[in-house]
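[1] Sequence and predicted structure below; questions after.
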Amino acid sequence: MFGLGPVEIVVIGAIAVMLYGKRLPEVGRSVGQSVGELRKTFNSISRDIELSSNETGKRAASRRRIEDDSLAMAGGTSFDPPPE
């Protein structure tokens, strides 16, 4: 867990108890909710970026297909290999 050993975790816990005392459960709950909201926001942003990159790829493929069709209609070159 973050490279912390058991002694470091106990020291951090003792400091937290000294600083927050009876409010420690409330502070822990608040931190947990904040981390949950941050994770949801990160997942949402990641999903939006992934969808955007997929749409960009689809548009590029569509654009290439349209360009290939227009070349074929205009008598453009075909990319067949020469006969042997």
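    Ah, there it is.

[2] And the helices in this structure?
    Taking DSSP state H as the criterion, the chain carries its helices at 6-20, 24-73.

[3] any chance of those in a markdown table, plus distance to residue 84?
    All C-beta atoms are positioned from the backbone trio N, CA, C, and that covers glycine. Putting the helices of the chain into a markdown table (distance: least, CB to CB, whole Å) gives the following:
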| stretch | distance to residue 84 |
| --- | --- |
| helix 6-20 | 72 |
| helix 24-73 | 24 |
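
[4] and of those, who's closest to residue 82?
    Residue 82 lies closest to helix 24-73 among the helices of the chain, at 18.7 Å (CB to CB).

[5] quick one: average pLDDT of the closest one?
    Per-residue pLDDT values over helix 24-73 give a mean of 81.

[6] can I get the helices of the chain in a markdown table with mean neighbour count and distance to residue 82?
    Rendered in a markdown table, the data for those read as follows (neighbours: other CB atoms under 10 Å; distance: least, CB to CB, whole Å):
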| stretch | mean neighbour count | distance to residue 82 |
| --- | --- | --- |
| helix 6-20 | 11 | 71 |
| helix 24-73 | 10 | 19 |
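
[7] mind checking which of those is nearest residue 83?
    Once CB to CB is applied to the helices of the chain, the stretch that comes out nearest is helix 24-73, at 19.9 Å.

[8] Tell me how far the residue positioned nearest the centre of the chain lies from residue 56.
    By CA atoms, centre = their mean, the chain has its centre lying nearest to residue 46, at 3.0 Å. Shown here: residue 46 relative to residue 56, a distance of 16 Å by CB to CB, to the nearest Å.

[9] ditto for residue 5
    Using CB to CB, one gets 46 Å for the distance from residue 5 to residue 56.

[10] what sits against residue 50?
    Remark: with contacts taken as CB atoms under 8 Å, 6 or more residues apart in numbering, residue 50 is in contact with nothing.

[11] That one and residue 43, how far apart?
    Here the distance between residue 50 and residue 43 works out to 10 Å (CB to CB).
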